[in-house]
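Enquirer: structural data only, the sequence is not supplied:
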Ligand SMILES: Nc1ncnc2c1ncn2[C@@H]1O[C@H](COP(=O)(O)O)[C@@H](OP(=O)(O)O)[C@H]1O
Ligand SMILES: [Mg+2]
């Protein structure tokens with residue numbers, strides 16, 4: 001992934017995500033975030049919609065032949081089931097954290113080919129950290145994972161588990177790390193710590209080798225996981241079902257994901273065994 005920052009397709013995607021971050025941060029500074037409730041009762045803000053518009057226009061200009069599926073632009077299965085390749089976008093992941101103004105939200109862009117997330121970019125507007133992963137060569141982009149912040153770029157990889165084991169948990173949705181899984185992990189690793197964070201940041205922290213596990217039992221949608229899955233896979237880790245199968249995208253009418261976990265290869269067997277007994 002060295003020198004990926006000079007690749008024109010990387011630069012084009014990075015500009016799209018930076019532009020989306022600019023419109024999000026502009027609204028974040030305002031007293032009125034334009035909050036509304038969606039039909040599923042989850043909140044949406046003016047920033048979700050503004051970022052969606054920026055990303056949609058950017059991707060349509062970069063790849064006119066590749067359609068876009070976004071949290072703020074859902075397409076009927078009848079139509080999208082015909083798409084061999086598509087962008088899967090969450091323009092503002094962690095809307096609840098955005099509303100709480102705790103900074104823990106991200107922008108997620110994934111490219112899916114035949115159900116597999118082959119490229120992912122995640123950007124954290126408040127910290128200006130960006131993550132990029134490619135699992136299958138596309139447009140000459142190399143396979144691998146990289147993190148940037150400002151002008152600094154570094155290749156990233158999942159780490160070998162070390163104590164304290166860091167388990168990322170959702171800040172606003174679902175329970176903490178199950179107690180019996182924590183106890184199981186403690187048989188091998190004496191110290192296990194939980195760290196709550198909003199959005200796909202959780203998977204990115206594992207991809208860059210500063211956390212070890214994220215287990216998600218509540219519902220999420222395909223746009224919440226596609227980009228982080230490409231990044232974690234490119235960094236040598238996995239985002240998988242309780243039996244260890246990678247998620248596939250745009251294959252079903254529902255866009256809701258089942259349970260999943262994110263980890264490196266060493267912890268995964270322990271989690272899969274724990275699920276079997278659960
Ligand atoms: N009941 C539910 N149904 C579907 N998705 C849900 C959900 N509760 C939470 N989520 C998903 O979890 C995401 C937030 O995860 P986390 O708590 O880890 O930050 C939300 O992203 P959005 O904020 O983009 O809507 C939302 O997509
Ligand atoms: Mg989301």
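Expert: Here it is on my side, so go on. Quantities reported herein were computed from a predicted structural model and do not represent experimental measurements. Ligands and ions are numbered 1, 2, ... in the order given.

Enquirer: and the stretch 101-250 of the chain, which residues reach ligand 1?
Expert: Counting by CB under 6 Å from any ligand atom, the stretch 101-250 of the chain comes close to ligand 1 at 170, 171, 172, 173, 198, 199, 218, 219, 220, 221, 224. C-beta here means a position set from N, CA and C on the backbone, and glycine is covered the same way.

Enquirer: filter those residues to the buried ones?
Expert: Buried members of these, counted by 16 or more other CB atoms under 10 Å: 170, 171, 198, 199, 220, 221, 224.

Enquirer: tell me the buried residues in the regular element (helix or strand) spanning residue 272?
Expert: If you go by DSSP states H and E, residue 272 is part of helix 268-277. Residues 268, 270, 271, 272, 274, 275 are the ones in helix 268-277 that count as buried (16+ other CB under 10 Å).

Enquirer: which residues does the residue of the stretch 101-250 of the chain found nearest ligand 2 contact?
Expert: At 4.2 Å from ligand 2, residue 224 is the closest residue in the stretch 101-250 of the chain, using CB to the ion. The neighbours of residue 224, taking CB atoms under 8 Å, 6 or more residues apart in numbering as the test, are 90, 93, 108, 199, 200, 257.

Enquirer: and with 7 Å instead?
Expert: Contacts were defined as CB atoms under 7 Å, 6 or more residues apart in numbering; by that measure residue 224 touches 90, 93, 200.

Enquirer: tell me the one of those residues nearest ligand 1?
Expert: Closest to ligand 1 out of these is residue 93 (4.1 Å), distances taken as CB to the nearest ligand atom.

Enquirer: OK, contacts around the residue nearest to that closest one when sequence neighbours are not counted?
Expert: With CB to CB, 6 or more residues apart in numbering as the criterion, residue 93 has its nearest non-adjacent residue at 4.2 Å, and that residue is residue 199. The contact partners of residue 199, by CB under 7 Å, 6+ apart, come to 93, 94, 97, 104, 105, 106.

Enquirer: now swap in residue 74 and tell me
Expert: Contacts for residue 74 (CB under 7 Å, 6+ apart) come out as residue 255.

Enquirer: repeat that for the one 3 residues further on.
Expert: With contacts defined as CB under 7 Å, 6+ apart, the neighbours of residue 77 are residue 253.

Enquirer: how near is it to ligand 1?
Expert: Distance, residue 77 to ligand 1, by CB to the nearest ligand atom, to the nearest Å: 17 Å.

Enquirer: same check, this time on residue 208
Expert: 17 Å.

Enquirer: all helices for the protein, in order.
Expert: Per DSSP state H, the chain carries helices over the ranges 8-28, 46-62, 77-80, 95-100, 179-188, 201-207, 222-234, 268-277.

Enquirer: mind listing what's buried in the third one?
Expert: By that I understand helix 77-80. residue 80.

Enquirer: what does the average pLDDT come to for it?
Expert: Computed over helix 77-80, the mean pLDDT rounds to 98.

Enquirer: tell me the contacts of the residue sitting nearest the centre point of the chain?
Expert: In the chain, the C-alpha nearest the mean C-alpha coordinate belongs to residue 228, at 3.2 Å (CA atoms, centre = their mean). The neighbourhood of residue 228, defined by CB under 7 Å, 6+ apart, consists of 120, 122, 200, 203, 204, 239.

Enquirer: give me the buried entries from those.
Expert: For the contacts of residue 228, buried by 16+ other CB under 10 Å: 120, 122, 200, 203, 204, 239.

Enquirer: against residue 42, how distant is the closest residue to residue 142 other than its chain neighbours?
Expert: Distances taken as CB to CB, 6+ apart put residue 1 closest to residue 142, at 5.8 Å, once the chain neighbours are dropped. Per CB to CB, to the nearest Å, residue 1 is found 35 Å from residue 42.

Enquirer: which of those two has more neighbours?
Expert: Each of residue 1 and residue 42 has its neighbours counted (other CB atoms under 10 Å); residue 1 has more, 22 against 11.
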